[in-house]
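Asks: from the sequence below, what's the structure:
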Amino acid sequence: MAASNLTNLQVFERTLETAMMQGIAQMVDVLNGASRNTIVLKAGNNPGDYNREAIYDMEDAVVLRDVYSDDAVAEANLSRDVVGGVRLSYGTKPIRIDQALWNHIGRAPGEAAIVVAQRLGPAFLQQKLNLAIAAAAAALQTIGSDVVYDSTDDVISLDALNSGAAKFGDRSGAIAAWVMHSTPFHQLIAAGLANAKSLFTYGTVSIMADIVGRPFIVTDAPDLIAEDGDYLTIGLVQGALTMEENPGFRAVTQTTTGKTNITDTYQAEGSFNLTLKGLKWDEAHGGASPLADAVAVGTNWDQVVNSIKDGPGVVVRSDDT
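Replies: The predicted model follows:
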């Protein structure tokens with residue numbers, strides 16, 4: 001490999017990583033806030049295939065007492081459960097970044113790197129979001145009617161969303177944001193949704209707020225459309241979906257010779273842990289290092305909390321026309 005080519009690749013790799021990580025970090029901060037922290041992306045350090053956290057619950061322990069009684073009183077038990085997520089490993093295909101390309105367009109390798117970073121940053125964010133949405137949609141539908149409101153006789157409406165939030169009863173106010181496909185969002189607009197304003201846009205993800213205050217996270221994630229064509233709108237509580245990027249992101253640039261043309265490629269890999277509030281990844285059935293299909297299987301996410309109100313949220317199903 002020529003020294004100049006090695007230098008160019010090093011500049012490309014260093015510039016790409018810096019530009020991409022800075023861009024993602026900036027957008028992550030905005031996304032977390034604009035989604036009311038229902039979707040949380042952050043740095044983590046999770047060794048192994050799973051992350052686990054103990055949670056505690058206690059039976060009703062506060063009672064009225066009869067000051068004139070000496071009767072025995074039943075004990076209240078403190079219980080301990082474990083919730084947790086799973087480590088997902090991602091990577092890129094080898095990306096052709098032939099030095100001849102930036103020579104041809106008259107650009108320095110650093111400029112070419114920024115172009116690639118502008119493509120990869122949104123793609124990494126979208127992948128994480130799609131996987132989290134797939135997991136939430138599958139898990140909540142597996143829990144069933146306690147958290148699913150069926151409005152499939154009609155298109156989405158504010159009344160349907162209100163009925164979906166009502167699944168949480170006296171804690172319906174905990175539903176802090178809606179994740180929805182762009183089609184039902186525009187159905188709401190067509191029905192007269194007023195005062196919508198944009199809070200955040202990055203790649204194919206948009207967050208808007210309506211007059212009732214709950215933001216709409218609008219993204220055409222594949223799993224927001226059910227197999228029968230109905231749309232799934234997910235109401236999330238704070239901390240419902242957490243994605244922790246693990247250290248160890250790795251990227252390699254490589255020059256290959258021996259063919260008609262010299263080729264340069266870039267390839268990267270990393271991992272993050274996905275956690276759903278109040279649920280636990282089923283290690284026995286879901287296994288380690290799952291792919292997208294397994295993440296989207298509802299039975300691979302077990303409800304741990306006793307009350308659905310301590311889970312990730314609700315789902316509203318609506319018609320496509």
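Asks: pLDDT weak spots in the chain?
Replies: Low-confidence segments of the chain (pLDDT under 70): 1-5, 26, 30, 55, 57-59, 78-82, 101, 104-105, 192-212.
Asks: next, the buried residues of the longest helix seen in it.
Replies: Longest helix in the chain by number of residues, with DSSP state H as the criterion: helix 109-143. Across helix 109-143, burial judged by 16 or more other Cβ atoms under 10 Å covers 109-110, 112-114, 116-117, 120-122, 124-126, 128-143. For the C-beta atoms, the positions are set from N, CA and C on the backbone; glycine is no exception.
Asks: where do the helices of the stretch 51-200 of the chain begin and end?
Replies: Using DSSP state H, counting those that start in this stretch, the helices of the stretch 51-200 of the chain run over 99-104, 109-143, 158-165, 182-190.
Asks: of all those, which lies closest to residue 64?
Replies: helix 158-165 (32.7 Å; Cβ to Cβ).
Asks: who's in contact with residue 155?
Replies: By Cβ atoms under 8 Å, 6 or more residues apart in numbering, the contact set of residue 155 is 184, 187, 191, 318-321.
Asks: residue 9: which of the residues you listed is nearest?
Replies: Out of those, the member with the shortest distance to residue 9 (by Cβ to Cβ) is residue 184, at 45.8 Å.
Asks: which residue, neighbours along the chain excluded, lies closest to the closest one?
Replies: residue 156 (3.8 Å; Cβ to Cβ, 6 or more residues apart in numbering).
Asks: quick one on the thing from earlier: and of the helices of the stretch 51-200 of the chain, who's closest to residue 279?
Replies: With Cβ to Cβ as the criterion, residue 279 lies closest to helix 109-143 of the helices of the stretch 51-200 of the chain, at 5.8 Å.
Asks: burial of the nearest residue to residue 191 once chain neighbours are set aside, as a residue count?
Replies: Spatial nearest neighbour of residue 191, excluding adjacent residues (Cβ to Cβ, 6+ apart): residue 157 at 6.2 Å. Neighbour count for residue 157, taken as other Cβ atoms under 10 Å: 18.
Asks: what residues are up against residue 157?
Replies: Contacts for residue 157 (Cβ under 8 Å, 6+ apart) come out as 151, 188, 191, 318.
Asks: mind redoing it with 10 Å?
Replies: Residue 157 makes contact with 151, 163, 184, 187-188, 191-193, 316, 318, according to Cβ atoms under 10 Å, 6 or more residues apart in numbering.
Asks: pretty sure residue 216 sits in a helix.
Replies: No - with DSSP: H, G, I helix; E, B strand; the rest coil as the criterion, residue 216 is strand rather than part of a helix.
Asks: my read: it touches residue 233, true?
Replies: Yes - look at residue 216 against residue 233 with Cβ atoms under 10 Å: they come within range, at 8.7 Å.
Asks: higher neighbour count, these two?
Replies: Taking other Cβ under 10 Å, residue 216 and residue 233 do not tie; residue 233 has more neighbours (26 against 23).
Asks: export stretch 165-185 as PDB, just CAs?
Replies: Provided in PDB are the C-alpha atoms of stretch 165-185 (Å, rounded to 0.1, in the frame of the first residue of the first chain):
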ATOM      1  CA  ALA A 165     -54.200   6.100  27.300                       C
ATOM      2  CA  ALA A 166     -57.200   5.200  29.500                       C
ATOM      3  CA  LYS A 167     -55.900   1.600  29.700                       C
ATOM      4  CA  PHE A 168     -53.600   3.000  32.400                       C
ATOM      5  CA  GLY A 169     -56.600   4.200  34.400                       C
ATOM      6  CA  ASP A 170     -55.700   6.700  37.100                       C
ATOM      7  CA  ARG A 171     -52.100   6.800  35.700                       C
ATOM      8  CA  SER A 172     -53.100   7.600  32.100                       C
ATOM      9  CA  GLY A 173     -51.100  10.900  32.500                       C
ATOM     10  CA  ALA A 174     -48.000   8.700  32.600                       C
ATOM     11  CA  ILE A 175     -48.400   8.100  28.800                       C
ATOM     12  CA  ALA A 176     -46.000  10.900  27.800                       C
ATOM     13  CA  ALA A 177     -45.600  10.400  24.000                       C
ATOM     14  CA  TRP A 178     -47.100   8.600  21.000                       C
ATOM     15  CA  VAL A 179     -45.000   6.700  18.400                       C
ATOM     16  CA  MET A 180     -46.800   6.500  15.200                       C
ATOM     17  CA  HIS A 181     -46.500   5.900  11.400                       C
ATOM     18  CA  SER A 182     -46.800   8.900   9.200                       C
ATOM     19  CA  THR A 183     -50.000   7.600   7.700                       C
ATOM     20  CA  PRO A 184     -52.100   7.800  10.900                       C
ATOM     21  CA  PHE A 185     -50.400  11.000  11.800                       C
END
